[in-house]
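> have a look at this prediction, sequence included:
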Amino acid sequence: MTPGATAGRPTWWVEEFDDGERARLAPWFTNLDGPVFALRGLPETVKGALFARYSRTGKSLRRLFLDEFADDVAEARLGVPNGKENLEARLGVPRGPATGERRAAALYQRVFDEYGDDSVAQLGGAHVACEQASNLLTKVLEWGRLAAYLEQSTRYVAYDDRPGGRWRYHLDPEVAADAELGPEYRRVLDGLFEAYAGLVPALVAHLGRVVPHEAGSSEAAWRRAVRARALDALRGLLPAATTSNLGIYATGQAYEALLLRLAAHPLPEARTYGELLLAELRKVIPAFLVRVDRDDRGVAWSRYLARTAEETARVAEEVLGSTDPGEEGPSVRLTEFDPAGEDKVLAAVAYPHARAGEAEVAARVARLGAGDRARLLAAYVGERENRRHKPGRAFERAVYTFDVVADYGAFRDLQRHRLCTIVWQPLTPSLGYEVPPDVEAAGQGDRFRAAMAASAGLYQALAPRFPAQAAYAVSLAHRVRFAITLNARELLHLAELRSAPQGHPAYRAVAQAMHRLVAEEAGHHALAGAMRFVVHDEVGLGRLAAERRLEARRALAP
């Protein structure tokens with residue numbers, strides 16, 4: 001018997017629909033007889049309203065759709081005015097040629113207002129593309145946990161073209177309008193991109209000479225891996241103003257929270273994108289966003305966020321003082337952990353299988369010998385064949401906090417792990433940077449340093465007049481300090497993923513250090529041992545194995 005198989009299928013009752021009803025249901029549901037089905041083709045607002053009503057009725061979803069939505073949706077689809085006066089009256093929609101989607105939006109809002117249930121805002125979502133967003137803005141857009149993001153890579157995409165006639169960086173309107181700093185901003189950022197574009201072919205040529213073409217790999221795969229390593233080394237020259245394309249899928253609730261954050265943000269680009277985002281989302285999920293710009297709701301919430309952020313910054317400086325840390329090398333420090341973390345994980349492992357309270361289970365675990373502890377954890381972890389085989393939620397009982405200094409490029413990749421609690425300090429040039437060894441070996445270190453000095457100089461010029469925008473000038477190779485709190489389950493995922501050979505060397509070093517510290521400083525050897533796919537070996541062409549796998553898949557494709 002395969003995992004998930006059953007000896008016999010359960011007996012579900014099958015709701016009866018006549019032929020006409022089945023014809024009306026068929027376009028919108030993946031099946032009409034089973035207890036599990038998906039909705040397809042319906043507007044997001046209709047899906048949200050349908051599920052909002054679903055929680056307040058004893059009807060099945062398909063019956064509810066037939067009784068209250070099908071006519072509206074069908075007529076909206078055909079562009080026919082709906083004459084269902086009883087439904088319009090019940091929903092409080094004025095009589096006339098309102099579409100079915102408008103009536104669904106009214107129903108959604110009625111449920112929302114009457115029950116005050118924020119969860120109904122989770123019942124519909126939208127895909128949005130945010131293009132030409134700076135690398136400062138993408139961190140703001142990706143802050144929310146309950147959303148899916150896909151960001152353009154700075155590792156595998158070369159930023160050496162000029163769409164629209166100029167390099168790919170954000171030109172802040174306020175800075176651009178400054179008679180002195182506007183031209184200087186353009187000059188320095190143009191210079192950073194010119195240095196980057198000029199060094200890409202030079203470094204690819206150097207690596208092509210010094211990195212051997214390994215047996216068993218095609219010429220094309222080897223060349224792609226060489227280019228990826230060159231782009232890895234040079235991405236640090238790109239400024240934080242570098243623009244990126246970001247795809248987002250989120251629920252109405254998540255978008256509402258994002259829009260409130262954007263409206264309160266000190267970065268003008270963030271506030272502008274908030275306005276653009278709201279306008280486009282209202283074209284697809286309008287009913288989910290009615291509170292965002294209401295003075296007594298969203299506007300008040302955004303004012304609260306902005307006010308508390310400003311006041312916290314002021315008070316923190318008053319009570320802690322301001323410091324200039326000076327240049328500091330990369331580091332990863334384990335600053336907080338629970339010495340009893342492994343015991344807590346074992347107690348959580350055993351608890352579902354014990355007939356005792358949590359305190360009693362924990363006490364029994366504490367009395368176990370080393371052999372029994374190892375057996376219990378080994379049973380829970382099992383035979384992991386690859387890093388996608390992950391232990392369960394018991395691992396969430398052990399929690400760690402790390403203080404990290406790493407380049408901003410590495411931070412960008414680690415920040416996207418949404419189960420982590422991550423906070424960071426302002427991006428400045430003060431913590432220094434490192435010239436990548438490949439760049440130094442290619443004889444291009446001086447050019448790299450000159451570009452980084454120009455980046456730091458522009459930051460210093462911008463900071464007094466444009467404190468929010470000054471970070472645009474800081475290059476990705478400059479270091480930033482951040483604190484990251486995560487449990488052992490998320491650490492397993494992060495350390496195994498980010499230490500993989502194809503990973504960037506900067507974040508590979510962070511992931512490897514976290515894993516070592518859990519074993520050595522926290523003393524959680526068993527939990528660290530369960531993270532068996534963390535890779536501590538140094539690698540040459542880290543991307544080569546991935547390129548080989550890609551070629552193999554292409555060869556098998558029809």
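Cool, got the structure. Numbering: from 1, shown residues only.

> CA only for contacts and neighbour counts going forward, please
Noted.

> can you give the contact residues for the helix or strand where residue 375 lies?
Taking DSSP states H and E as the definition, residue 375 sits inside helix 370-381. Contacts with helix 370-381, where a contact means CA atoms under 8 Å, 6 or more residues apart in numbering, come from 346, 349-350, 365, 390-391, 526, 530.

> among those residues, name the buried ones.
In those, burial by neighbour count holds for 346, 349-350, 365, 390-391, 530, counting by 16 or more other CA atoms under 10 Å.

> can you name the two of those that are farthest apart?
Across the buried ones among the contacts of helix 370-381, no pair lies farther apart than 365 and 390, at 22.5 Å, counting by CA to CA.

> packing partners for the helix or strand containing residue 506?
In the assignment (DSSP H and E), residue 506 maps to helix 505-520. Judged by 3 or more CA pairs under 8 Å, 6 or more residues apart in numbering; DSSP states H and E, helix 505-520 is in contact with strand 331-337, strand 399-407, helix 408-415, helix 488-498, helix 525-530.

> and the most centrally placed residue in the chain, what's its pLDDT?
By CA atoms, centre = their mean, the chain has its centre lying nearest to residue 416, at 4.0 Å. Looking at residue 416, its pLDDT is 86.

> please apply the same query to residue 204.
The model's pLDDT for residue 204 equals 93.

> give the other helices and strands that the helix or strand containing it contacts.
Element membership for residue 204 (DSSP H and E) is helix 181-210. In terms of contacts (3+ CA pairs under 8 Å, 6+ apart), helix 181-210 is packed against helix 173-177, helix 219-234, helix 437-441, helix 445-462.

> list the buried residues for that helix?
Buried residues in helix 181-210, defined by neighbour count with 16+ other CA under 10 Å: 181-182, 184-186, 188-193, 195-197, 199-200, 202-204, 206-208.

> about what we covered before: what's the closest of the helices and strands packed on helix 181-210 to residue 132?
Proximity to residue 132 (CA to CA) singles out helix 173-177 among the helices and strands packed on helix 181-210, at 14.4 Å.

> pLDDT on the closest one, on average?
95.

> go on, stretch 184-192?
pLDDT averaged over stretch 184-192 gives 97.

> that older thread, report the inter-axis angle for the helix holding residue 204 versus helix 445-462.
Orientation check (axes from the mean of the first three to the mean of the last three CA atoms, to 10 degrees): helix 181-210 against helix 445-462 gives 160 degrees.

> quick check: pLDDT value at residue 211.
At residue 211, the pLDDT recorded in the model is 84.

> quick one: the helices in the stretch 251-400 of the chain, in order.
If DSSP state H, counting those that start in this stretch is used as the criterion, the helices of the stretch 251-400 of the chain fall at 252-264, 268-281, 298-320, 341-350, 358-366, 370-381.

> lowest-confidence helix or strand of the protein?
helix 85-91 (a mean of 39; mean pLDDT, DSSP states H and E).

> residue contacts, residue 305?
Residue 305 sits next to 261, 264 when contact means CA under 8 Å, 6+ apart.

> on that earlier part again, now the helix holding residue 506: average pLDDT?
Helix 505-520 carries an average pLDDT of 96.

> any buried residues in it, and which?
505-518.

> looking at these, spot the one nearest residue 361.
Among these, and counting by CA to CA, the member closest to residue 361 is residue 518, at 24.4 Å.

> spit out the contact partners of the nearest residue in space to that closest one that is not next to it in sequence.
In this structure, residue 518 finds its nearest non-sequential neighbour in residue 524, 5.8 Å apart by CA to CA, 6 or more residues apart in numbering. Going by CA under 8 Å, 6+ apart, residue 524 touches 341-342, 518.

> good, wrapping up.
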